[in-house]
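Undergrad: next come a sequence and a model predicted from it.
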Amino acid sequence: MQDLANADAILIMGSNMAEAHPVGFRWPMKAKEKGATLIHVDPHFSRTSACCDLYVPTRAGTDIAFLGGLINYVLSNDLWFKDYVVAYTNASSIVSDQYRDTEDLDGMFSGFDASTHKYDNSSWVYQGPAMEGPEDAASHSGHGQEGTSPAKHQPDRDETLQHPRCVFQILKRHYARYTPEMVERICGVPQDLFLRVAETLTKNSGRERTTAICYAVGWTQQSYGPQIIRAAGILQLLLGNMGRPGGGIMALRGHASIQGSTDVPTLFDLLPGYLPQPASFKDDQTLESYLKGATVKGGYWNNLPKFMVSMLKAWYGEAARKDNQFGYDWLGKITGDHSHIATAAAMADGKVSGFIVFGQNPAAGSPHASLQRKALKQLDWMVAIDLYETETAAFWYAGPERPNPSDIKTEVFLIPTAAPAEKDGTFTNTQRLLQFHDKAVDPPGDARSDLWFVYHLGRRLKDLYRDSTRPRDQGLLNLTWDYLPDRPGPEFRIQDEPSAEKVLKEINGRTVSDGKLLKDFEHLKADGSTACGVWIYCGVFPEEGKNKARNRTPTPDNYVSPEWGFAWPANRRILYNRASADPAGKPWSERKKYIYWDAAKKRWTGPDVPDFPQTKAPDTPAKPEGHGMELHSGADPFSLKPDGRGWLFAPSGLKDGPLPTFYEPLESPVTNLLYDQQSSPAVNRVPRKDNPFSPPGDPRFPYVATTYRVTEQYLSGVMSRWVPWLSELMPEMFAEISPELAAERGVKNGEWIVVSSVRKEIECRALVTRRVHPLAVDGRTIHVVGLPIHFGYKGLVKGAMVNDLVALSEEPNVYIQEDKAFTCNVRRGRLS
Amino acid sequence: MAVEREGGLGLGTLGRLGMAPQPMSHESIVKAPRTRAADKVVESVCPYCAVGCGQLVYVKDKTIIDIEGNPNSPINEGTLCPKGAATYQYVVNPHRVKTVRYRAPHSDHWEDRPLEWAMDRIAKLIQETREKTFLERSADGKLVNQTQGIATLGGATMDNEENYLIKKLFNGGLGVVSIENQARI
Amino acid sequence: MIEAYQRVMNVESPPAPKTPKGFFTDTSLCIGCKACEVACKQWNQLPADGYRLSGDSYDNTGRFSATTWRHVEFVEQAKANSRRDGQRWLMMSDVCKHCANAACLEACPTGSLIRTEYGTVYVQQDICNGCGFCVPACPFGVIDRAPKHGTFEPGTAHKCTLCYDRLRDDMTPACAKACPTASIQFGDVEELQARARRRLGELRTRGESRAQLYGMPENEEAREVGPLHAFFLLLDKPAVYNLPEVPRLPRKSMAQRYAWSGAVAIGAAVLSALVFGRRG
């Protein structure tokens, strides 16, 4: 993030950075002071827009039309960074002759099965010799990690980029229709504004200059969020901005350790370190078949068996042996979609009995919140763990539906928990940085850390199953579970608090024979001789007494601050930084020097840890018959990709298409001008009676609603609406509308209005402001309704929940709902 | 530097000495920041967004007396946003829940319950539900060792160590598959 | 005479003068986050003022009060056309100006309001008797009395102290320390003034034609209240930010008031010392 200060231009899109990440926004402000141009493309003029040099109003949900327009501008005006693109991307790779593009199939890719709404992506592969690898190409990736899944072929290449089926030519054809005129008609962005953005980005990219892109949930919370991020990736690869100082794509994540909770996943489809969760619908019946399916031949993921076996050793200890597949059978296998949204739907149908909620608030903060509350009422028991009484904890007596407690069977526990200042532990921030926070005081009363809760719950469960000999219980009984400190801190009242450092050491990993902590993941083995809970974090605790997450040494001379915290992997601050040097290993320019080849010392060097084998010379040829990193040459910078190249075209890893394609949001007032296909075909709309969608152009819901954060509040409000100093600054729910829309609906500033979607109505105050722009979209005016997300029915200040308006839907790769664009209506007055 | 003005009397006369400091009460003379009396200063991280600002927690008599930005942090260099600046009131707040609150089925009120009782009861409920809903093999005969009767939610506001134990206990020990957090929303 | 006065007033000789300290608030760097408002309340342990949506842009604070010593103003500008020509959203963190000729200080009959060794203006809570003369005297509407029946220091006058307590340990005032974008800069007044002049030059070069400084010694607004120790770089006319073009000392009313305050002030102060004693 500090690296943003080195950018010459910054495009902020899908993010309200100044409001949601004010301290992170210091770095764009510093870049601006150094002369960089800041651009904000957003449906709503926010404090971010106010601080940028250029604000571009756009229709919510049309980001790929805009980015596709930029890609087309770069390609058709020949403004791409040729040396970078040819050497570092898959532009020259030739794609299978079975592949059909949206250009051929009017908005669809080859392989779509209309009965299942799913793609068979076997035609989206490279042409070339087959590599051994899995049949299933499901993504291993979580957020912040992209495309780690296998490719099936080593590509044939045409470095002249002329072959009609090379990626470059496919790309050109795919984006040819994304013209400035089309951008204007779809997004409502006047062409002169669009062209100013295009010129700014292209003039500030190349050898001497770099452009960065920042995004947040404004992109991810759409029906094809990963595709929007991919579109930004394509643009940045074409402009040569990946892996270089002041370049890249910055994901601005929203919670203190949301990156950590993806790396160490409390997610259904992942095991720690982005290993796929074993599934009954894949060939995962044995450890051997799982490893065969999940291991990629080319690139660093070739080491996956080492990561998996070491994790099983960390979990099951001595009970994990070669003759029992290291306890692989004890892992709960997934049998379908068990995501939060799918689970909420199952819960609403009475299929879930017990629910434990750690510091989350689905009754106000999850999509289709009224359905979430309905789901909670079907539970037999629920445990909410938080510092305050949340909307979720209070669902049985409070909320818009005015529930009658005597009708609700759920047994409810509200367990008081500790704040970070009251416990030891690590957070992983949005730039993959692990930082330890030290315990300052005990939490009050019976409040305990979540670590305490899980540890002591596990201890009790092990005790309850103590005498079981059933195979299904052996996983629990064999879990290593020894976390009490050797010597509890004498200054604290709570003496049975588990040691977070003990857990962190297990995460880091040890050699089994002598118990020595591992220095890095290069030392992991697949034979059971190493145990490591989370391979990507290996190295955070390399020896006793050396917790690198607790490193707090300022290094004023090195802005990447290598001695502050620990950035995974291997303390690398900028990923793919090999790309900051040219193929021969020299910096692209003196101005943008970062990691480069020191020919005298025969190693890569620079202010950061090189993201490349330290001593692999730039002229090292690839070994086509080898495996892992041998398949990459000394000039292939993207080590996690099977082919070592940045992917303009994704030959595997995505379920909804190899190239980002514009579709209208699931709910839209207009029809898709680019293709017959209205919305993304592979989205799961979670079809059920209580989850309706309004059809395209529905006159009952003519306006586009979008949602956002404001600086003064946080998430659904549990951490801010009980805090008087924050509550007074933003004390009530409101909707931002333009004076034009206010006039159309007869609403004055400050009056009550009702905002409705096809699912529910909410009431709030109108904030009438010229900061909301009516958009001219293909000859008609589209009005935007801006809705902050922070309110609920508990707390010092209360207000309607925007999530009551939102539908359940699932993007097919990451199971995220679309709430950044949906249709609504507005009327003056209150709910009766 | 001070601009002369006419007509001052009394205290104004002293004011006309220009910028000279004026006599003050003993309390003012000895005024000092409360952090001077802190027993310890603990390094922490802001609990709000994912920027990861460093914080300093000042403690006196086992009580937090101040939380502000850590100037050493290369991320925030001592600064904070309004939420970060309000961390003190998030932690030291009379509205916090400090006891286990329990609501029996169909009851219309919360009751306070002992922590140990609640932990025993929750463990028992997990066991009962797991026994009722456990699936060793799927319909097509594959070994799955899972339960869909229990779900957990949350983790993005919590520590890595906590998430690690949740995944390990609930999936690796109990076979729970619906383990989810805010990364989806 | 001074010693006798000090004895009567129960006050002591002040510390030796230090280099004057102040704030330079550069609104061109403000992101309107209000960290300053919260950091001020946190450090000074000030309660919230209430929960009311103003409907006035994102300003729900509205004004200074006895318990709000920093206040971020929001000014929305745009033409009424569909392209919103000239659109800007100006933000400015306002604060006590610590005037060189502080009207509040001059109006104070008890000696509660003083000039400190840092050149700042400070209300001594143990001396303030809550007479309220300072409140209408301030041309910026900064100082206010806490409600008589509230929980926070009932009845006495309050405003920004420029973190007088923190200054004693060379700590940056809470607002300036928290400010993520260095919109609020703390330091030696003369150095800050030099910095402000440089900054204005930079912004003018960049084309910010309406940028101007407010509260500098050479400026019109210093005519009566003197140079401001908390001064500003604005991106538009002062009136746009609700700042007076020429802040006035309330001379006429002051002259009348001094007529009796001259006679009564010391008496009132003595009374206050005797009757109220030292407030703890």
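TA: Arrived safely, thanks for sending. Numbers count the residues shown, from 1 in each chain, chains lettered A, B, ... in the order given.
Undergrad: for the rest of this, base every contact and every neighbour count on C-alpha atoms.
TA: Will do.
Undergrad: what's the end-to-end length of stretch A:651-670?
TA: One end of stretch A:651-670 to the other measures 32 Å (Cα to Cα, to the nearest Å).
Undergrad: helix or strand right after the longest helix belonging to chain B?
TA: Criterion DSSP state H: the longest helix present in chain B is helix B:115-133. Sequence-wise, the next helix or strand downstream of helix B:115-133 (DSSP states H and E) is strand B:134-137.
Undergrad: buried residues, that next one. List them.
TA: Across strand B:134-137, burial judged by 16 or more other Cα atoms under 10 Å in any protein chain shown covers B:Phe134, B:Leu135, B:Glu136.
Undergrad: spell out which parts of the stretch 51-200 of chain C neighbour chain A.
TA: Contact residues, the stretch 51-200 of chain C versus chain A (Cα under 8 Å from any Cα of the partner chain): C:51-55, C:57-61, C:76, C:78, C:80, C:82-84, C:88-90, C:180-181.
Undergrad: quick revisit: please list which of the buried residues of strand B:134-137 are also close to chain A.
TA: Intersecting the buried residues of strand B:134-137 with the contacts of chain A gives B:Glu136 (criterion: Cα under 8 Å from any Cα).
Undergrad: what's the closest of the buried residues of strand B:134-137 to chain C?
TA: Closest approach between the buried residues of strand B:134-137 and chain C, by Cα to the nearest Cα: B:Phe134, at 49.4 Å.
Undergrad: picking up where we left off before, let's see the longest helix of chain B as CSV, backbone CA atoms only.
TA: Provided in CSV are the C-alpha atoms of helix B:115-133 (Å, rounded to 0.1, in the frame of the first residue of the first chain):
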residue,chain,number,x,y,z
LEU,B,115,-19.6,-19.1,31.7
GLU,B,116,-18.7,-22.7,32.6
TRP,B,117,-22.3,-23.8,32.5
ALA,B,118,-22.7,-22.3,29.1
MET,B,119,-19.6,-23.9,27.7
ASP,B,120,-20.7,-27.3,29.0
ARG,B,121,-24.2,-26.8,27.5
ILE,B,122,-22.8,-25.7,24.1
ALA,B,123,-20.5,-28.7,23.9
LYS,B,124,-23.4,-31.0,24.7
LEU,B,125,-25.6,-29.4,22.1
ILE,B,126,-22.9,-29.8,19.5
GLN,B,127,-22.5,-33.4,20.4
GLU,B,128,-26.2,-34.1,20.2
THR,B,129,-26.6,-32.3,16.9
ARG,B,130,-23.6,-34.0,15.4
GLU,B,131,-24.9,-37.4,16.5
LYS,B,132,-28.3,-36.7,14.9
THR,B,133,-27.0,-35.3,11.6
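Undergrad: list of residues touching that helix?
TA: Outside helix B:115-133, the residues within contact range by Cα atoms under 8 Å, 6 or more residues apart in numbering or on different chains are A:353-354, A:381, A:383, A:413, A:446, A:456-457, A:460-461, A:464, B:99-100, B:147-150, B:174.
Undergrad: which of these fall in helices?
TA: Counting by DSSP H, these place A:His456, A:Leu457, A:Arg460, A:Leu461, A:Leu464 in helices.
Undergrad: tell me which residues touch the last one, please.
TA: With contacts defined as Cα under 8 Å, 6+ apart, the neighbours of A:Leu464 are B:Lys124, B:Gln127.
Undergrad: one more: the fourth one?
TA: Contact partners of A:Leu461, counting by Cα under 8 Å, 6+ apart, are B:Ala123, B:Lys124, B:Gln127.
Undergrad: could I get the phi/psi values of the residue lying closest to A:Leu235 once chain neighbours are set aside?
TA: Nearest non-adjacent residue to A:Leu235, counting by Cα to Cα, 6 or more residues apart in numbering or on different chains: A:Ile71, 5.7 Å away. Phi and psi for A:Ile71, reported as degrees, to the nearest 10, are phi -60, psi -50.
Undergrad: list the contacts for A:Ile71?
TA: A:Tyr175, A:Ile234, A:Leu235.
Undergrad: all strands for chain B, in order.
TA: B:40-45, B:54-60, B:63-69, B:100-103, B:111-113, B:134-137, B:143-153, B:176-180 (DSSP state E).
Undergrad: what about residue 170, how many neighbours?
TA: Went with chain A since none was named. By other Cα atoms under 10 Å in any protein chain shown, the residues close to A:Ile170 number 21.
Undergrad: correction: the question concerned chain B.
TA: 25.
Undergrad: for it, what are its contacts?
TA: With Cα under 8 Å, 6+ apart, B:Phe170 has these contacts: B:Val176, B:Val177, B:Ile179.
Undergrad: for those residues, which entry has the maximal number of neighbours?
TA: B:Val177 leads these on contacts (other Cα under 10 Å) with 32 neighbours.
Undergrad: from B:Arg34, how far out is that residue?
TA: 50 Å.
Undergrad: ok, back up a step: using a markdown table, lay out the contacts of B:Phe170 together with distance to chain A and pLDDT.
TA: A markdown table is the format used below for these (distance: Cα to the nearest Cα, whole Å; pLDDT from 0 to 100):
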| residue | distance to chain A | pLDDT |
| --- | --- | --- |
| B:Val176 | 6 | 98 |
| B:Val177 | 6 | 98 |
| B:Ile179 | 5 | 98 |
